[in-house]
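Peer 1: Mind looking at a prediction? Sequence and model below.
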Amino acid sequence: MSILVTGGAGYIGSHTCIELLNAGHEIVVLDNFLNSKPESLKRISEITGKNFKFYDVDLLDYSAIESVFLENGIVAVIHFAGLKAVGESVSMPLRYYNNNIVGTLNLCRVMEKYGVYNLVFSSSATVYGFQEQVPLSEDLPLQATNPYGRTKLMIEEILQDLYASNQNWSIALLRYFNPVGAHCSGQIGEDPNGIPNNLVPYITQVAVGTLPELKVFGGDYQTHDGTGVRDYIHVVDLAEGHLKALVNVMGNSGIKAYNLGTGIGYSVLDMIRAFEQVIGRPIPYRIVNRRPGDVSISFADASKANEELNWNANKGLDEMCRDSWRWQVNYPNGFEKEYEKISAVNQL
Ligand code: NAD
Ligand code: UFG
């Protein structure tokens, strides 16, 4: 009776694997390291003191996924695997549609063949696109503004069709807001490739001296200080949301969307100030033009996840900053340095 975690070597997947193992679940991890390093799997084992099976499998390879189901008693899938960089999706749409959509279709086809109908899917608040009102609730009309967002929206629709065709399916669509932070051990965290696109890894890389200054995208938004507002959520809170969603899908059938956010919005300047408090020195920044495609303000109405999943985000901004910073200081180059040391990771 195992939970299959696709993309389990990645940022959110690795934190979720820790929570699953700590809660006593048996897990099987599938990843092809398209955007992660084997070292993260080793650290999951070190942190939890538990072993798990790992498959170096690409979701584009249908028969390799099938082998995972043949060799293990999979009862549910938490599906993180996908590409996630908005800018890259604009320049490489075919890569994104192929990887995210075909990968998910292959996974669902194998699940259906083996009668595994419990699925927790990583969606995103990006499916709300531009909205007039905040907080964002699950029943708003959805729209996508870039190819990455369209893959999430299309997959949500595909999964709706799947449930309509067969009511054995039990699916949670988890719409994450802005995941930040790292495990409190400081041993795993977000490890972006190259120059980060997202605010928090950019701030910590400026603070650690890898980058010279932060560019704040836009100082003229209709927000309390003119900079963009987002709902930052600690990755461990997010990971716990997956365990709650798993319990919910395993006892029901249906398809439901849930926002996973704190319900609190912080501006870019709020985030800079919070990091300055934790780090104890100023973070150099400069306000520049808006980034095309950015919404001014986004935060969740997280009441549905609270009521139906019994889930709440517990960790505040200070803990998010402290944990992000600990990971950055411990491993300024992310998992990179350790990469060559791993030899037989699939024996984990
Ligand atoms: P990540 O890139 O760290 O993790 C994704 C993992 O999937 C990586 O380990 C990657 O190697 C793996 N992967 C990608 N394509 C694969 C394939 N074809 N076969 C096998 N493995 C594959 O990303 P993350 O931040 O952990 O995000 C996890 C999920 O959550 C993604 O689907 C992402 O779109 C979604 N999401 C992330 C955010 C965010 O800000 N981090 C926000 C909303 C939604
Ligand atoms: N920002 C800066 N400078 C930077 C990076 C970001 O000022 O160098 C600002 C942005 O303009 C925005 C805020 O910081 O106001 C947050 O930006 P992020 O790039 O960290 O996050 P986004 O809200 O733009 O997008 C993230 C993920 C998307 C996901 C979305 C909703 O990157 O994939 O949250 O979940 F779709």
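Peer 2: Great, that's in hand. Ligands and ions are numbered 1, 2, ... in the order given.

Peer 1: Give me the pLDDT value at Glu132.
Peer 2: Note on Glu132: pLDDT of 89.

Peer 1: what about it, neighbour count?
Peer 2: As a burial measure, Glu132 scores 5 neighbours (other CB atoms under 10 Å). Using the backbone N, CA and C atoms, a C-beta is placed for each residue, glycine as well.

Peer 1: Backbone dihedrals for it, both of them.
Peer 2: Dihedral pair for Glu132: phi -80, psi -30, per degrees, to the nearest 10.

Peer 1: How about the protein: which residue is closest to ligand 2?
Peer 2: Closest contact between the chain and ligand 2, by CB to the nearest ligand atom, is at Gly228 (2.4 Å).

Peer 1: From Ser137, how far off is that residue?
Peer 2: 20 Å (CB to CB, to the nearest Å).

Peer 1: What about the residue of the chain closest to ligand 2, how many residues nearby?
Peer 2: Gly228: 24 surrounding residues under other CB under 10 Å.

Peer 1: List the contacts of it.
Peer 2: 217-218, 221, 267-268, 294-297 (CB atoms under 8 Å, 6 or more residues apart in numbering).

Peer 1: pretty sure Arg291 belongs to a strand, no?
Peer 2: No - membership of Arg291 in a strand is not supported by DSSP: H, G, I helix; E, B strand; the rest coil, which gives coil.

Peer 1: Beta-bridge partners for the closest residue to it other than its chain neighbours, please?
Peer 2: Residue nearest to Arg291 in three dimensions, not counting chain neighbours: Phe217, with 3.9 Å by CB to CB, 6 or more residues apart in numbering. Following DSSP bridges, Phe217 is listed with bridge partners Val288.

Peer 1: Give me the neighbour count for Phe217.
Peer 2: A count of nearby residues for Phe217, using other CB under 10 Å, gives 17.

Peer 1: Could you check how far it is from Gln277?
Peer 2: For Phe217, the distance to Gln277 equals 22 Å [CB to CB].

Peer 1: same check, this time on Asn312
Peer 2: 24 Å.

Peer 1: swap in Ala239?
Peer 2: Ala239 sits 25 Å away from Gln277, going by CB to CB.

Peer 1: Neighbour count for those two, which is higher?
Peer 2: Set side by side, Ala239 and Gln277 show unequal neighbour counts under other CB under 10 Å, the larger going to Ala239 at 23 against 12.

Peer 1: OK, contacts around that one?
Peer 2: By CB under 8 Å, 6+ apart, the neighbours of Ala239 are 12, 15-16, 18-19.

Peer 1: Out of the residues you listed, which are close to ligand 1?
Peer 2: Ile12 (CB under 6 Å from any ligand atom).

Peer 1: Format the contacts of Ala239 as TSV; extra columns: neighbour count.
Peer 2: Output for the contacts of Ala239, formatted as TSV (neighbours: other CB atoms under 10 Å):
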residue	neighbour count
Ile12	21
His15	29
Thr16	30
Ile18	21
Glu19	18
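
Peer 1: closest to Asn99 among the contacts of Ala239?
Peer 2: Among these, Ile12 lies closest to Asn99 (CB to CB), at 16.8 Å.

Peer 1: so that closest one, which of the three states?
Peer 2: Ile12 ends up helix, using three-state DSSP.

Peer 1: With the one 3 residues further on instead?
Peer 2: Judged by three-state DSSP, the three-state class of His15 is helix.

Peer 1: Locate Val77 within the secondary structure: which element?
Peer 2: strand 74-79 (DSSP states H and E).

Peer 1: Counting by contacts, list what that strand packs against.
Peer 2: If you count contacts as 3 or more CB pairs under 8 Å, 6 or more residues apart in numbering; DSSP states H and E, strand 74-79 packs onto strand 2-6, helix 11-22, helix 103-113, strand 118-124, helix 235-250.

Peer 1: Redo these as CSV? Include distance to Met320.
Peer 2: Below are the helices and strands packed on strand 74-79 laid out as CSV (distance: least, CB to CB, whole Å):
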stretch, distance to Met320
strand 2-6, 23
helix 11-22, 13
helix 103-113, 29
strand 118-124, 18
helix 235-250, 9
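
Peer 1: Serialize these to a markdown table and add fields for mean pLDDT.
Peer 2: Formatted as a markdown table, the helices and strands packed on strand 74-79 follow (pLDDT from 0 to 100):
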| stretch | mean pLDDT |
| --- | --- |
| strand 2-6 | 99 |
| helix 11-22 | 98 |
| helix 103-113 | 98 |
| strand 118-124 | 98 |
| helix 235-250 | 98 |
